[in-house]
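A.B. asks: I need the structure of the sequence given here:
(one chain, ligands or ions: 1)
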Amino acid sequence: MLSGKRIILGVTGGIAAYKAAYLLREFQKAGAEVRVTMTPSATRFIGSDTFASLSGHEVAVEIFPDEGQSDDWTRHIYWGEWADLFVIAPCTANTLAKITHGISDNMLTSTVLAARCPILICPTMDGEMYESPSVSKNLTELEQKGYHILEPASGYLASGLEGKGRLPETEDILRSASDIIGNMEGPLEGKKVLVTAGPTREYLDPVRFISNPSSGKMGIAMAEAARDLGAEVILIHGPLSVAAPDDLRRVPVTSAAQMFDAVKEYQDADIVIMSAAVADFTPSEVHEHKVKKSESGSEIRLKRTQDILKWLGENKKEEQILIGFAMETENLLRNARTKLDEKNADYIIANSLNDQDSGFGSDLNKVHLLSKTSDEQFKATKKDLGRILLNKIFRNRY
Ligand code: CTP
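C.D. replies: Numbering: from 1, shown residues only. Coordinates of the predicted model:
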């Protein structure tokens with residue numbers, strides 16, 4: 001159940017914080033990808049480097065990144081969009097109270113507010129504290145708000161007393177997490193999503209073609225994100241320079257004309273994401289045999305290809321959502337807005353080739369998500385961006 005899922009593990013300042021390292025390992029063994037956020041007091045019980053080494057990812061403690069970490073102070077928002085599940089284990093009475101009242105004074109509590117996924121809280125404290133009227137009231141309130149609470153176990157406590165307040169066994173936390181994920185419906189459940197990716201190739205003769213450096217990474221990330229959010233996905237792609245996942249239904253094509261034909265076949269999709277870098281021009285004449293240099297002139301005559309997104313916009317069915325991309329080298333927002341209008345798209349994901357962390361082949365991407373009424377900026381790896389953007393668009397739509 002946890003395989004391929006993304007979990008944020010929140011660790012707060014109780015003696016059981018060291019057990020969270022074992023929990024992290026068990027989540028990983030179950031196939032989940034884990035990121036850790038700790039409260040500052042949790043770092044007094046176990047070092048953040050332990051979690052950084054185990055998770056293979058920086059550990060976030062404060063909203064403003066520590067020295068040497070990514071320079072992004074809005075990462076609590078990305079993390080919140082990124083995750084399938086947020087598990088807070090152990091969760092102290094203090095953090096419990098903050099969550100109950102919407103306080104967001106560190107990375108963990110801020111990410112709780114930003115999270116769009118289910119949140120599993122494992123209250124862990126001394127028995128007297130757990131039984132106190134304030135903690136009981138907070139737990140009831142949190143349950144009513146839709147948080148999942150895993151009751152603490154009973155036994156020997158750090159205070160030397162016996163009671164209820166221990167962090168449950170790792171296997172119980174895992175079972176609880178699996179149950180929550182198993183009962184979860186992705187926001188794209190029951191939706192058919194068509195994604196295009198990669199470049200097209202426009203052949204002049206059997207050995208030469210016009211193309212562009214698109215790798216297909218962003219399109220594949222969009223397709224995988226749609227799949228992970230529950231959609232039935234069809235990926236139509238040109239020649240890719242990265243491997244496409246085996247478990248996606250794929251339609252490989254070469255030219256813009258072939259991509260257009262394939263897109264028309266799946267035109268009834270609920271959502272179309274045109275990530276492909278479709279060639280705008282194709283040779284007017286295609287030679288059957290290799291053109292010899294002795295025979296040819298130095299000019300190639302070109303004609304326009306079909307603008308597929310524009311055609312989709314003109315033939316849009318009711319309720320269908322069209323998402324296009326725009327890659328620009330100047331006037332990013334003006335050009336992207338023109339594309340949004342002229343192609344009748346609902347969203348344009350725009351990036352600039354001039355940005356260092358962006359563009360063809362890069363693993364990172366920095367984009368604007370534009371709709372007719374909004375403009376939001378995101379920066380993350382392409383892999384994460386797929387999920388972040390689709391969550392942003394679809395979480396509250398269906
Ligand atoms: N697109 C398309 N068919 C084409 C060209 C582009 O469907 N023949 C789609 C792309 O998949 C992308 C969007 O249109 O979603 C914008 O592509 P882009 O190359 O940025 O812009 P163009 O429309 O080609 O315009 P220009 O060349 O003027 O920038």
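A.B. asks: show me which residues of stretch 305-323 are buried.
C.D. replies: Judged by neighbour count (16 or more other CB atoms under 10 Å), stretch 305-323 contains these buried residues: 305-310, 312-313, 316, 320-323. No exception for glycine: its C-beta is placed from N, CA and C like everyone else's.
A.B. asks: kindly apply the preceding question to stretch 36-49 instead.
C.D. replies: Across stretch 36-49, burial judged by 16+ other CB under 10 Å covers 36-39, 41-43, 45-46, 48.
A.B. asks: likewise stretch 337-355?
C.D. replies: Residues of stretch 337-355 classed as buried by neighbour count (16+ other CB under 10 Å): 337, 339-340, 343, 345-352.
A.B. asks: and those near the ligand, which?
C.D. replies: For the ligand, the contacts drawn from these by CB under 6 Å from any ligand atom are Lys339.
A.B. asks: from the buried residues of stretch 337-355, pick the one nearest the ligand.
C.D. replies: For those, the minimum distance to the ligand (CB to the nearest ligand atom) is 5.3 Å, reached by Lys339.
A.B. asks: moving C-terminal of whichever strand or helix holds the closest one, what's the next helix or strand?
C.D. replies: Secondary structure from DSSP states H and E places Lys339 in helix 332-342. Moving toward the C-terminus from helix 332-342, the next helix or strand (DSSP H and E) is strand 347-352.
A.B. asks: I'd like to know which elements that following strand is packed against.
C.D. replies: strand 321-328, helix 332-342, strand 364-370 (3 or more CB pairs under 8 Å, 6 or more residues apart in numbering; DSSP states H and E).
A.B. asks: again, only this time at 10 Å
C.D. replies: helix 217-228, strand 271-274, strand 321-328, helix 332-342, strand 364-370, strand 375-381, helix 382-394 (3 or more CB pairs under 10 Å, 6 or more residues apart in numbering; DSSP states H and E).
A.B. asks: buried set for the following helix or strand past the shortest one?
C.D. replies: On the C-terminal side of strand 271-274, the nearest following helix or strand under DSSP H and E is strand 281-283. Of all the residues in strand 281-283, those buried under the rule 16+ other CB under 10 Å are 282-283.
A.B. asks: repeat for stretch 2-11
C.D. replies: For stretch 2-11, by 16+ other CB under 10 Å, it's 2, 5-11.
A.B. asks: quick check: phi and psi at the closest residue to Glu189 other than its chain neighbours.
C.D. replies: Spatially, and ignoring its direct neighbours in sequence, Glu189 is nearest to Gly230 (3.7 Å; CB to CB, 6 or more residues apart in numbering). Main-chain dihedrals, Gly230, degrees, to the nearest 10: phi 110, psi 0.
A.B. asks: any idea how far Gly230 lies from Ile103?
C.D. replies: 32 Å (CB to CB, to the nearest Å).
A.B. asks: do Thr282 as well
C.D. replies: Distance from Thr282 to Ile103, by CB to CB: 58 Å.
A.B. asks: before we move on, the earlier item: now, among the buried residues of stretch 36-49, which is nearest to the ligand?
C.D. replies: Of these, the one sitting nearest to the ligand (CB to the nearest ligand atom) turns out to be Thr37, at 34.8 Å.
A.B. asks: can you find the helix or strand of this structure with the lowest average pLDDT?
C.D. replies: helix 75-82 (a mean of 87; mean pLDDT, DSSP states H and E).
A.B. asks: for the residue nearest to Leu194 when sequence neighbours are not counted, give me its contacts.
C.D. replies: Of all residues beyond its chain neighbours, the one nearest Leu194 is Ala269 (3.9 Å), with distances taken as CB to CB, 6+ apart. When contacts are counted by CB atoms under 10 Å, 6 or more residues apart in numbering, Ala269 is found next to 191-195, 231-234, 263, 312, 317, 320-322.
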